[in-house]
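Trainee: quick one: sequence and predicted model below, then my questions.
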Amino acid sequence: MDPIQVHAIDDNLFLIRVNDRKTRYFEGLWEIPEGVTYNAYVLKTDEGAVLFDTVKADYAEDYLQALFDLVEPKAIRHLVIHHMEPDHSGALPALFDALPHSVEVWGHPFTKRLLDGLYGLKPNFHPVKDGTTLDVGGHRLVFYQTPWLHWPETMVTHMPERAYLLTGDIFGGFGIPASIVDEPEVVAEMLPFARKYFATVVGHYKEYVGKNFAKLASLDIRTIMPAHGLVWQHDPARIYNAYQNWALGVPNPKKVVVAYTSMYGYVEGAIRVAIDALKAQGMEVEVFRWVDTYHDRISDFIGTLPDAQAVVLGTATYEADMYPLMRHLVEEMLHKVAYAKPVLVLSAHGWAGAVGRVVKQLFAESPYRLVDVIEFRGHLPAKDKEAIQEGIHRLVIWEGN
């Protein structure tokens, strides 16, 4: 698959998609071996072209070549910026250098400050508010602010006559889809990457999904065009509803996420007891582990939590505290994907336990519901196995389930 793909949405609107296989850690933090795309759009009209966002600076040259194959530089009159994060704005300096004239730039009022702060750019800028309209060449563009999804200056563009919604990061996903649009055969593969993207990138601000979607509810939307991943042309309601459910933490019935760290196998032994008990009660278990021979990806663990029914964590006491890696996992849970879901914690210790105290402190201000902390000394006698099985039973029948 080429690093740059150009796709006609219709006779006037085009997608320029960059397939980024080089970035292994999105934002330098989240593991994405599946890669990511950057989607920029171009509207061609009789009164000149409108650009919607750009791409990461690493791909500026490829982007400009594809762009100028579509439209002559002199024909570009407007630029709409949905989001100023550099994976979408990084090519702006190269774009402005390549254009023979200044363009009209449209964006959230805060975008002007970021253009100067990130790139030293001071274009002819038009701040927009909800309902601001740009009419160009027989095409009507209506702008809506969607702050904190996931920066304060994010916004979307609605094209009411065509029922198009261009959304920036909203409705985006990781992965490099085999198709441009949401063909049925790729949706099942891509939705978990979209959920992972939601959890890791948007999750901290998930309360703003409902607040911002309220202003979109009355719009006619038949195609959703995000800045990452699939164009949702066949079934835009699929991703729209998924975002709403992920924001609320609507569970996939019977899905339990298990994550554990184990230095010498004692925690792992307790987790096996817990998994057997979960399966005996008909639960479907997704397991993530960090042991001396293998580490799962933190991003995958965080990404699977929005639709979990319950969570089991296993760890050890370490220097009179929680094992450092598990503490990091818990802190990311609480920061990115805090939901009112039940959690059971299993902890091994040697001469003294400390995890119970730490866990209660960490979860004290969280919506998660701590069902129990079961601490044990390495080897599991029958009474500890029974305590784990009983803890799993209480987790499964927790009243919120």
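Mentor: Yes, it's here. Quick caveat, the model's predicted, so the values are computed rather than measured.

Trainee: which residues in the stretch 101-250 of the chain form helices?
Mentor: Along the stretch 101-250 of the chain, counting by DSSP state H, counting those that start in this stretch, helices occupy 109-119, 184-197, 207-213, 236-248.

Trainee: among those helices, which comes closest to Ile4?
Mentor: Nearest to Ile4 among the helices of the stretch 101-250 of the chain is helix 184-197 (19.3 Å), distances taken as C-beta to C-beta. The C-beta positions use only the backbone N, C-alpha and C, and glycine is treated the same way.

Trainee: need the helices of the stretch 101-250 of the chain in TSV with distance to Asp296 and mean pLDDT, can you?
Mentor: Shown next, in TSV, are the helices of the stretch 101-250 of the chain (distance: least, C-beta to C-beta, whole Å; pLDDT from 0 to 100):
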stretch	distance to Asp296	mean pLDDT
helix 109-119	34	98
helix 184-197	13	97
helix 207-213	27	96
helix 236-248	21	97
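
Trainee: export these to TSV and tack on mean neighbour count?
Mentor: Below are the helices of the stretch 101-250 of the chain laid out as TSV (neighbours: other C-beta atoms under 10 Å):
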stretch	mean neighbour count
helix 109-119	17
helix 184-197	18
helix 207-213	16
helix 236-248	18
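
Trainee: identify whichever of those helices lies nearest to Thr146.
Mentor: Per C-beta to C-beta, nearest to Thr146 of the helices of the stretch 101-250 of the chain: helix 207-213, 4.2 Å.

Trainee: distance from the chain centre to the closest one, please.
Mentor: Helix 207-213 sits 15 Å away from the centroid of its parent chain (C-alpha atoms, centre = their mean, to the nearest Å).

Trainee: also stretch 198-214?
Mentor: 9 Å.

Trainee: so what touches it?
Mentor: 26-27, 29-30, 146-150, 169-170, 172-173, 240, 243-244, 246-248, 299, 302-306, 335-337 (C-beta atoms under 8 Å, 6 or more residues apart in numbering).

Trainee: change it to 7 Å
Mentor: For stretch 198-214, the surrounding residues in contact (C-beta atoms under 7 Å, 6 or more residues apart in numbering) are 30, 146-150, 169, 243-244, 246-247, 299, 302-303, 305-306, 335-337.

Trainee: repeat that for stretch 323-343.
Mentor: 199-200, 203-204, 249, 259, 261, 290, 298, 301-302, 305-306, 308, 310-311, 313, 315-316, 318, 362, 366-371, 395, 398, 400.

Trainee: mind jotting down where the strands sit in the stretch 301-401 of the chain?
Mentor: Applying DSSP state E, counting those that start in this stretch to the stretch 301-401 of the chain gives strands spanning 310-316, 342-348, 369-376.

Trainee: in CSV, list those strands along with mean neighbour count and mean pLDDT.
Mentor: As requested, the strands of the stretch 301-401 of the chain are exported to CSV (neighbours: other C-beta atoms under 10 Å; pLDDT from 0 to 100):
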stretch, mean neighbour count, mean pLDDT
strand 310-316, 26, 97
strand 342-348, 25, 96
strand 369-376, 19, 95
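
Trainee: where along the stretch 101-250 of the chain do the strands fall?
Mentor: 104-107, 124-127, 133-136, 139-145, 155-159, 164-168, 223-226.

Trainee: partner strands of the first one and their direction?
Mentor: Going back to what we said before, that points to strand 104-107. Strands that pair with strand 104-107, judged by DSSP bridges, come out as strand 76-80 (parallel), strand 124-127 (parallel).

Trainee: quick one: closest of the ones you listed to Gln233.
Mentor: Closest approach to Gln233 among these is made by strand 76-80 (20.0 Å; C-beta to C-beta).

Trainee: give me the contacts around the next helix or strand after the closest one.
Mentor: As assigned by DSSP states H and E, the chain's next helix or strand after strand 76-80 is helix 86-89. Applying C-beta under 7 Å, 6+ apart, the external contacts of helix 86-89 come out as Tyr38, Asp53, Thr54, Val55, Lys56, Ala57, Ile81, Leu118, Ala227.

Trainee: who wins for most neighbours among the residues you listed?
Mentor: Val55 (30 neighbours; other C-beta atoms under 10 Å).
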